[in-house]
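A.B. asks: Have a look at this prediction, sequence included:
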Amino acid sequence: METELKVSVVRMTRDGEELSGALDDSIYDLHDEFLKPFGGLRYELGVQLFGSELLVRGKLEQDFEAACSRCGQDFDFTVKVPDFATSYAVDEKTEFVELTAELRESILLTLPTYPVCREDCPGIEKTETEAPDSRWDALDNLKKG
Ligand SMILES: [Zn+2]
């Protein structure tokens, strides 16, 4: 997998360019045993040159394996950036614009500080499972009637 995403400015046409692909997980350089990216940073971007500005927008996705901050179980989740947008100042001397760092930062900023395996994860303590309150059944049956 690629480890960098460079946009060639010199060869950019008026219509711009569509870029899609994936960047290798090594771009994160994370050494966290409780948080591991996998499968690559997927990107779908539209790139366009407007005068002296290169506009980049699109969406990003990255899968992570993490330990739940409540129960400690490993689980997978996907960080999505649906509205990634950035711009770079360019001039006639600019040959390439390097997007890798910006994509990586965007994913990292979107990462939850305390990832949980599910919204209602009860944590390590075993919670008593309550028997469903049967009084409501009568009501439900009424409604269905
Ligand atoms: Zn959990």
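C.D. replies: All right, it came through fine.

A.B. asks: For Val9, which non-adjacent residue is spatially closest?
C.D. replies: Thr94 (4.8 Å; CB to CB, 6 or more residues apart in numbering). Heads up, the C-betas are built off the backbone N, CA and C, glycines and all.

A.B. asks: Distance-wise, check the closest residue to Glu44 other than its chain neighbours relative to Glu2.
C.D. replies: In this structure, Glu44 finds its nearest non-sequential neighbour in Ser20, 4.5 Å apart by CB to CB, 6+ apart. Noted for Ser20: a distance of 12 Å to Glu2, by CB to CB, to the nearest Å.

A.B. asks: what sits up against the helix or strand bottoming out on mean pLDDT in the chain?
C.D. replies: Lowest on mean pLDDT, DSSP states H and E among the helices and strands of the chain sits helix 135-144, with a mean of 71. Here helix 135-144 makes contact (CB atoms under 8 Å, 6 or more residues apart in numbering) with no residue beyond itself.

A.B. asks: Is it correct that Leu19 falls within a strand?
C.D. replies: Yes: under DSSP: H, G, I helix; E, B strand; the rest coil, Leu19 falls within a strand.

A.B. asks: burial measure for it, as a count.
C.D. replies: Counted with other CB atoms under 10 Å, the neighbours of Leu19 add up to 15.

A.B. asks: was I right about it contacting Glu2?
C.D. replies: No: using CB atoms under 8 Å, Leu19 is not in contact with Glu2; the gap is 11.0 Å.

A.B. asks: hey, what's in contact with both of those two?
C.D. replies: Here Leu19 and Glu2 share no contacting residue, scored by CB under 8 Å, 6+ apart.

A.B. asks: Name all residues that make contact with Phe64.
C.D. replies: Contacts of Phe64 by CB under 8 Å, 6+ apart are 35-38, 76-79, 111, 115.

A.B. asks: Test for you: state the pLDDT assigned to it.
C.D. replies: pLDDT, Phe64: 97.

A.B. asks: which stretch of helix or strand covers it?
C.D. replies: Assessed by DSSP states H and E, Phe64 sits inside strand 53-67.

A.B. asks: I am finished for the moment; much appreciated.
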